[in-house]
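1. Need the 3D shape of this:
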Amino acid sequence: MNPLCGRCNKAVYPTEKLNCLDKYWHKGCFNCEVCKMTLNMKNYQGFDKKPYCSMHYPKTSFTIVTDTPENLRLKEQSKMNSLAIYKEEFEKNKGKGFSVVSDTPEMQRVKKTQDQISNIKYHEDFEKSRIRSDAPPPENTMQENVQQSPANPLSYSHQAEPVSAVPPPSGEKRFRAVYSYTATDADEVSLQEGDLVVDVQQIDEGWMYGRIERTGQQGMLPANYVQPL
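-> The predicted structure is shown next:
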């Protein structure tokens with residue numbers, strides 16, 4: 001006796017019989033449950049013993065786990081274990097200091113900005129000290145010098161000179177630029193290789209104050225860019 005078709009429930013003869021999904025099908029009845037596209041043994045997808053095409057194959061969905069008392073207990077236990085591990089790691093690392101921050105591009109930019117601010121502050125303090133050194137002495141100091149000075153006017157003029165906080169320029173000592181330098185601030189001067197620098201005042205080991213003989217400009221310049229003559 002011939003089996004019945006899984007779609008039309010009619011007898012399936014051996015010449016048109018197709019055995020799939022635990023059923024027998026006519027070749028024309030073996031089609032998608034949704035779009036009715038005719039399928040074969042190579043392109044069908046079975047679900048719940050029914051054929052589907054790849055487009056309409058039912059998507060499996062995940063079931064939501066309810067918060068049963070057992071699940072809540074396991075969740076609370078996992079939370080307590082995490083807190084215990086965190087406390088253990090904290091106790092191990094306590095007292096070891098802070099970790100080194102990686103030199104990221106952002107950190108490099110912040111560091112460069114801080115260096116520029118420090119350099120500007122240094123130049124401002126230098127200019128303030130130079131202005132204070134060039135200011136005239138108070139009137140009471142001038143009067144004391146007049147009272148204490150002898151009749152010789154030359155002696156009076158010597159005592160009336162203000163005391164400068166910055167050493168006077170060493171006019172005898174001249175320097176020559178061995179490298180070119182481009183000024184980066186308003187109180188600096190640019191150099192060209194071979195320029196003569198006169199009226200030099202040494203500020204510190206890295207900077208000096210002088211006048212460029214070629215341009216007549218005065219300002220700060222790096223000490224390691226020149227050498228004495």
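
2. ok, Lys75 to Lys87 distance?
-> The gap separating Lys75 from Lys87 is 19 Å, by CB to CB, to the nearest Å. For the C-beta atoms, the positions are set from N, CA and C on the backbone; glycine is no exception.

3. Kindly apply the preceding question to Asp195 instead.
-> From Asp195 to Lys87 the distance is 68 Å (CB to CB).

4. When those two are compared, which one has more neighbours?
-> For Asp195 versus Lys87, the count of surrounding residues by other CB atoms under 10 Å is larger for Asp195: 21 against 10.

5. so what's that one up against?
-> With contacts defined as CB atoms under 8 Å, 6 or more residues apart in numbering, Asp195 is in contact with 176-177, 212-214.

6. Quick check: Ala84 vs Glu91, distance?
-> Distance from Ala84 to Glu91, by CB to CB: 11 Å.

7. that older thread, among the contacts of Asp195, name the buried ones.
-> 177, 212 (16 or more other CB atoms under 10 Å).

8. Reformat the contacts of Asp195 as JSON lines; add distance to Met41, pLDDT and secondary structure.
-> Below are the contacts of Asp195 laid out as JSON lines (distance: CB to CB, whole Å; pLDDT from 0 to 100; DSSP: H, G, I helix; E, B strand; the rest coil):
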{"residue": "Arg176", "distance to Met41": "95", "pLDDT": "93", "secondary structure": "strand"}
{"residue": "Ala177", "distance to Met41": "90", "pLDDT": "92", "secondary structure": "strand"}
{"residue": "Ile212", "distance to Met41": "94", "pLDDT": "92", "secondary structure": "strand"}
{"residue": "Glu213", "distance to Met41": "99", "pLDDT": "91", "secondary structure": "coil"}
{"residue": "Arg214", "distance to Met41": "95", "pLDDT": "91", "secondary structure": "coil"}
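
9. Since that was my last question, I'll sign off now.
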